[in-house]
Each structure stands twice: as C-alpha cells, then as structure tokens.
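> Sequence and predicted structure are below.
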Amino acid sequence: MKAARIFLVGTALAAGPLALCGCSGGSGPAPVKAVDASGLVQVSPAGGSAVDLAAPVVVTAEHGGRLTDVTVVTDSGRRLAGALAADGRSWRSTGPLAAGTHYTVKVTAADSAGNGRGSVQKGFTTLTPTATLTATLAPGDKAVYGVGEPITVQLNHPVHDPAARQVVERGLSVRSTPSVVGGWYWVDDSTLHFRPQSYWPAHATVQASFDLGGAKVSNGLYGGTPASIGFRTGDKLLALTDAGSDYMTVYRNGEKIRSIPVTTGKPGFSTRNGIKVVLEQEQHVFMDSSTVGIAANSSNAYHLDVYWDTRVTWSGEYVHAAPWSVGSQGVANVSHGCTGMSTDNAEWFYNTFRRGDLVQVINSAGHEMEPFGNGFGDWNLDWAQWQKGSALGGPVTTSAVTAGSQALTTSVGYLRPAA
C-alpha cells in the first residue's frame, strides 16, 4: 500500500515539469459538465397556440449565465432571424413571425462559472389571423415617369382607426436618390398617396415598400405579405396652359422649349384650373359625348375619332389633336373641356410627355381640379394641407437608394411636425 502511494506521488512530480514546458503551467481547464439549463434560461413566448405575430422571441440567461447558441426554427426548418446581445446574456428576434406556424426554440447556455453547460427546448405556435392586410403599390413597372407621379397604396382592407393607421404608415417606407422631404396622405380608408413637398427631382431613383412584419393592425387584422416597387423620373416637363390667352407654354427643366396655340373648354364646358398629371396616352380614341352625359340629340353632341391623346383626368379631359378647331386655336375657347391643338403639335406633345408629367391650366372659368378621385390632383393641396392627411402628423425624409440595391424595403425618418 505504501509503495502504491509513493508511485502516485512520483507520477505527479514527474508530470510537473512536463506541464511547465508545454504551456503556462497549472492544472488546465476544468471539464465542462452537463447541467440542467431549464434554470439558466428564460424563453418568451414560453409556449401557447395563439402567439401574437407582433410578439418578439426573447431568450434571457438567468443567474449570471451566458447564452452560447440560440436557434428558432419552424417545423419546415426555416430559421427566424435574431441577434445575440454583446454580453451574451440575451437574444432577440429581428425577423417577423409567420402566421399559423409552429416554432421550436433551441437554446444552449453556460452557467456563471463557465464550466457547466446545458440545453433547453421550448415550442409555441403563432395565431392564424382572421384577416391579413396587404397593399398594392404603384407605379410598379420600374419605368420612367414624370416628376409629378405620386406613389399610391391600395389596401385590401379599410383602416379607419387613427392608431391603426399609424401602424400602417410605419410599415410604409420610401427611399430615393436624391433624398426628398415628403409625406403620406390618407385619401380614404383604403388608399394612401405619397408625394414630395415639391416635385420629385429630375432623373431620380425612387423605391417604396410595405412590410408590417406580421404586426397587429387592429382586432383580427395583421400585417400580411410585404410588397415593394421602384421607378425613375425623367426630365421635369410642365405644360402651362393659359385659357385666357389660348396658348400653352412647354418647359423642360425650367427652360421654355415650345409655345403652342390651343383651344380649351367653352362656356359651360370650361377646362379645370389647376395642376394635373398625365395618366395615360393613346394614339387613337373614339370620343362619344353620351359617355360624359351629353344627350345624343344635343347641339353639343359629338362622335369623333381623335388622335394623339394624352389623358389628364379620368372624367375625360385630354390634350389631343383637334384639326377641326385650328382656326380657333390661339384665339377662342371652343372645346368641350379638352385642350385641343393642331395634329402636328399634338403628335409632338404625345411623343414628348409621359405618365407623371405635369399639365397646369390657369385663367379658365372652370372649377379647380379635384385633389383625388379624378386623376392625380395631389399637387393642388399646399404642403400644410398635405401634412394633415398623415396619421403620424409629420413629414418624411427619404433615405438614399444604395447602388445595386435589389431589396426595396427600407425605413424612413419622421421629422417633428412644424410648429
């Protein structure tokens, strides 16, 4: 027995110098032992079958412990994005939860001494909403538009409550290069428009997105599928029509490029004053007065093939060729509300202007262009009026478009409303 003790001591003594030569000495790290991690970790949501889609997943290390690994996955294996705090004591999801989906939270944690480690697993299922809110954004064809084109959002469910509208607005974002100050306006419970304080800059790149990340909008209504769009602007084109002088002056980027004799609406059919935006263009339109409420047997009735047509209101106001009234163009107003010009001038106008370009009428006896409902009359509201249409009550400064950006989702900065 004594010899055995001597042998063990000798072995320990012989090992000493070897340890000193190999590293820094000492007895080495204590072996990691398995511990019950259920007392080290708190997970929220802790469980349940109808977890709110807006609820973040939060994992916290208790009693001085640290998290070493956290994964949150669906039954199909899709991971939920998240971030670990710098001190290793908490983890929080950064991505949205999917509706009606079961998630498993897998956590590995170490105790406060660092020599005990264990794992814990929790599960929960998100609720299946009664309804989800989605949005159709426009213009969505990535084409080139004029500087007057607003961004429009059409919701699939009406949102009336002011607090719910704020949730929707926070889920909307706009990015542009150059950056602009603009704002959202609730046209009605299902429709929003975004426009800059003044027009878009020429040759700008614009992107917009809608993404609520599954957030609750109102009882039973949650954010649905995200959406995004992008477009560019061209030169700033403005056609300024003076119904008093019967001339249209066309400006490109502030420089006069053409003066055109025109005729506008005669008494009883006066052309609307105000700023309009080109809606669409067609080389040929058959115009029938009965479609705008003029009786077929009236002296004002017309049935005409009309060419080089640029539409500026949904009610039927165009800039178009009117060869039958050339003698009155630059002299008198004889149309039924449209702006008529020679065929050559109308073809030039058609080929020069595009959707989103600006057409403004002044000195007409007609009423003012409606802000909404008959085209894009958004620019007829001054900036103070426009800001009142926002649920958040303040302007938005767009962030810049990054080079080669594919993802259109982005955040916006809300400025403090002016006093």
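Everything's here; your move. Numbers count the residues shown, from 1 in each chain.
> so where's the stretch 1-150 of the chain uncertain?
When the per-residue scores of the stretch 1-150 of the chain are filtered using pLDDT under 70, the ranges that remain are 1-35.
> what are the ranges of the strands in the stretch 51-200 of the chain?
Applying DSSP state E, counting those that start in this stretch to the stretch 51-200 of the chain gives strands spanning 58-61, 66-74, 82-84, 90-93, 102-110, 116-125, 131-133, 135-138, 144-145, 151-155, 172-177, 181-188, 191-196.
> With mean neighbour count and distance to Cys338 added, can I get the ones you listed in TSV?
Glycine gets a C-beta too; all of them are placed from N, C-alpha and C. As requested, the strands of the stretch 51-200 of the chain are arranged in TSV below (neighbours: other CB atoms under 10 Å; distance: least, CB to CB, whole Å):
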stretch	mean neighbour count	distance to Cys338
strand 58-61	20	62
strand 66-74	17	58
strand 82-84	15	59
strand 90-93	19	57
strand 102-110	20	60
strand 116-125	18	60
strand 131-133	19	39
strand 135-138	18	25
strand 144-145	19	23
strand 151-155	20	25
strand 172-177	22	33
strand 181-188	20	26
strand 191-196	22	25
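> closest one to Trp386 among the ones you listed?
For the strands of the stretch 51-200 of the chain, the distance to Trp386 is smallest for strand 181-188, at 5.7 Å, taking CB to CB.
> Alpha carbons of that closest one, as PDB, please.
Taking only C-alpha atoms (Å, rounded to 0.1, in the frame of the first residue of the first chain), the coordinates of strand 181-188 have been written out as PDB:
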ATOM      1  CA  VAL A 181     -38.900  65.600 -47.900                       C
ATOM      2  CA  GLY A 182     -42.400  64.200 -48.500                       C
ATOM      3  CA  GLY A 183     -45.400  62.800 -46.800                       C
ATOM      4  CA  TRP A 184     -48.200  60.300 -46.800                       C
ATOM      5  CA  TYR A 185     -51.900  61.300 -47.200                       C
ATOM      6  CA  TRP A 186     -54.900  59.100 -46.400                       C
ATOM      7  CA  VAL A 187     -57.200  59.600 -49.400                       C
ATOM      8  CA  ASP A 188     -59.700  57.300 -47.800                       C
END
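> can you put the strands of the stretch 51-200 of the chain in CSV and add distance to His203?
Converted to CSV, the strands of the stretch 51-200 of the chain look like this (distance: least, CB to CB, whole Å):
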stretch, distance to His203
strand 58-61, 45
strand 66-74, 44
strand 82-84, 38
strand 90-93, 40
strand 102-110, 46
strand 116-125, 50
strand 131-133, 34
strand 135-138, 20
strand 144-145, 9
strand 151-155, 17
strand 172-177, 10
strand 181-188, 17
strand 191-196, 14
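> Among those strands, which comes closest to Trp348?
With CB to CB as the criterion, Trp348 lies closest to strand 144-145 of those, at 18.7 Å.
> name the helices or strands packed onto the closest one?
Contact partners of strand 144-145 among helices and strands, from 3 or more CB pairs under 8 Å, 6 or more residues apart in numbering; DSSP states H and E: strand 227-233.
> neighbouring strands for the strand it packs on, and are they parallel or not?
Strand 227-233 has the following strand partners under DSSP bridges: strand 144-145 (parallel), strand 205-210 (antiparallel).
> Please convert those strands to CSV, extending it with distance to Asp69.
Formatted as CSV, the entries for the strands paired with strand 227-233 read as follows, by distance: least, CB to CB, whole Å:
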stretch, distance to Asp69
strand 144-145, 49
strand 205-210, 32
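> which of the ones you listed sits most buried?
Comparing the strands paired with strand 227-233 by mean neighbour count (mean count of other CB atoms under 10 Å), strand 205-210 comes out on top with a mean of 24.
> tell me how far that one is from the chain's mean position?
Relative to the mean C-alpha coordinate of its chain, strand 205-210 is positioned 5 Å out (CA atoms, centre = their mean, to the nearest Å).
> which helices and strands sit right next to the next helix or strand after that strand?
Under the assignment DSSP states H and E, the closest C-terminal helix or strand after strand 205-210 is strand 216-218. Contacting strand 216-218 under the criterion 3+ CB pairs under 8 Å, 6+ apart are the following elements: helix 162-170, strand 221-223.
> can we see that at 10 Å?
In terms of contacts (3 or more CB pairs under 10 Å, 6 or more residues apart in numbering; DSSP states H and E), strand 216-218 is packed against strand 131-133, helix 162-170, strand 221-223.
> ok, so what distance separates the residue most central in space within the chain from Glu255?
Nearest to the mean C-alpha position of the chain, by CA atoms, centre = their mean, lies Ser209 at 2.5 Å. Ser209 sits at a distance of 35 Å from Glu255 (criterion: CB to CB, to the nearest Å).
> circling back: any idea which of the strands of the stretch 51-200 of the chain gets closest to Asn219?
Evaluated with CB to CB, the strands of the stretch 51-200 of the chain place strand 131-133 nearest to Asn219, the distance being 10.0 Å.
> Against which helices or strands is that closest one packed?
Where contact means 3+ CB pairs under 10 Å, 6+ apart, strand 131-133 is packed against helix 162-170, strand 216-218, strand 221-223.
> List the buried residues for the first one?
Just to be clear, that refers to helix 162-170. Of all the residues in helix 162-170, those buried under the rule 16 or more other CB atoms under 10 Å are 164-169.
> Out of these, flag the one nearest to Trp200.
Among those, Glu169 lies closest to Trp200 (CB to CB), at 20.1 Å.
> Roughly how far does that closest one sit from Ala163?
When CB to CB is the yardstick, Glu169 and Ala163 sit 11 Å from each other.
> what sits in contact with each of those two?
Both Glu169 and Ala163 are in contact with Ala391, where contact means CB atoms under 10 Å, 6 or more residues apart in numbering.
> Any chance of a markdown table for the helices and strands packed on strand 131-133, columns mean pLDDT and distance to Ala86?
Converted to a markdown table, those look like this (pLDDT from 0 to 100; distance: least, CB to CB, whole Å):
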| stretch | mean pLDDT | distance to Ala86 |
| --- | --- | --- |
| helix 162-170 | 97 | 27 |
| strand 216-218 | 90 | 30 |
| strand 221-223 | 91 | 30 |
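> Since that was my last question, I'll sign off now.
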